[in-house]
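>>> Here is the input, now give the coordinates:
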Amino acid sequence: MIHKRWNIGKLILLTTALAWVLGACSAKDSTASEEPENQAAAVQVEETERPEYLPKDFPLPDDAEVTTSHSEQNDGKKSVLLIFRSQEKLDKLAETYKQYFQDQGVKDTAETIDEKNLILQGDTVTESWSLIGGTLSSQEDTVELTLTWSEL
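Below you'll find the predicted structure:
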């Protein structure tokens with residue numbers, strides 16, 4: 001139970017850190033000598049691409065719209081935060097990712113799947129996985145998922 005809470009804690013910490021970093025990147029500094037247009041373009045390109053360290057076999061729906069993409073390396077360990085949207089049905093996505101986690105050898109999986117929510121979390125010997133999301137209240141035909149992955 002403590003291990004599962006730790007995964008949720010890591011997710012919250014990583015999400016908070018990413019929000020802080022992105023907020024800092026978008027802050028306007030009147031003394032900056034760089035052109036804001038160039039900075040915004042660089043952030044936009046980075047945010048919509050598949051994260052550099054995301055395992056190559058991680059399946060994304062064909063219609064995936066990546067809204068946040070972040071890779072980093074700390075103490076030699078890689079980690080990823082990926083937020084994406086899809087029009088695919090939640091139950092189909094749940095089936096795809098549940099099978100993917102099983103194929104990766106994810107153990108001690110915490111799982112919640114219902115008509116509006118998807119939570120899959122667990123670890124392999126070398127990796128930690130967490131996929132959380134559900135249908136958007138403002139767009140019922142759109143699912144938004146947040147993936148956090150890291151090397152242990």
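>>> Number of residues surrounding Thr109?
15 (other C-beta atoms under 10 Å). For glycine as for every other residue, the C-beta is placed from the backbone atoms N, C-alpha and C.
>>> Is it in contact with Ser128, as I believe?
No - under the criterion of C-beta atoms under 8 Å, Thr109 is not in contact with Ser128, lying 11.6 Å apart.
>>> Now do Lys10, the pLDDT please.
You'll see Lys10 listed with a pLDDT of 56.
>>> An error on my part: the question was meant for Gly133.
On the pLDDT scale, Gly133 gets 97.
>>> do Pro36 as well
So Pro36 comes in at 39 (pLDDT).
>>> what do you get for Glu144?
pLDDT at Glu144 comes out at 98.
>>> next one: Asp103
At Asp103, the predicted lDDT confidence score is 96.
>>> overlap in contacts of Thr109 and Ser128?
Gly122 (C-beta atoms under 8 Å, 6 or more residues apart in numbering).
>>> Do you have the helices of the chain handy? List them.
Using DSSP state H, the helices of the chain run over 2-26, 36-47, 90-104.
>>> Just give me the lowest mean pLDDT stretch among those.
helix 36-47 (a mean of 36).
>>> Render the CA-only coordinates of stretch 60-67 in CSV, please.
The C-alpha trace of stretch 60-67 is given here as CSV (Å, rounded to 0.1, in the frame of the first residue of the first chain):
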residue,chain,number,x,y,z
LEU,A,60,-0.2,5.9,-28.9
PRO,A,61,-3.6,6.0,-30.7
ASP,A,62,-3.4,7.1,-34.3
ASP,A,63,-5.4,10.2,-33.5
ALA,A,64,-3.4,11.1,-30.4
GLU,A,65,-3.0,14.8,-29.7
VAL,A,66,0.0,15.3,-27.5
THR,A,67,-0.6,18.3,-25.2
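>>> mind checking how far Ser137 is from Glu144?
Look at Ser137 and Glu144: by C-beta to C-beta, to the nearest Å, they are 10 Å apart.
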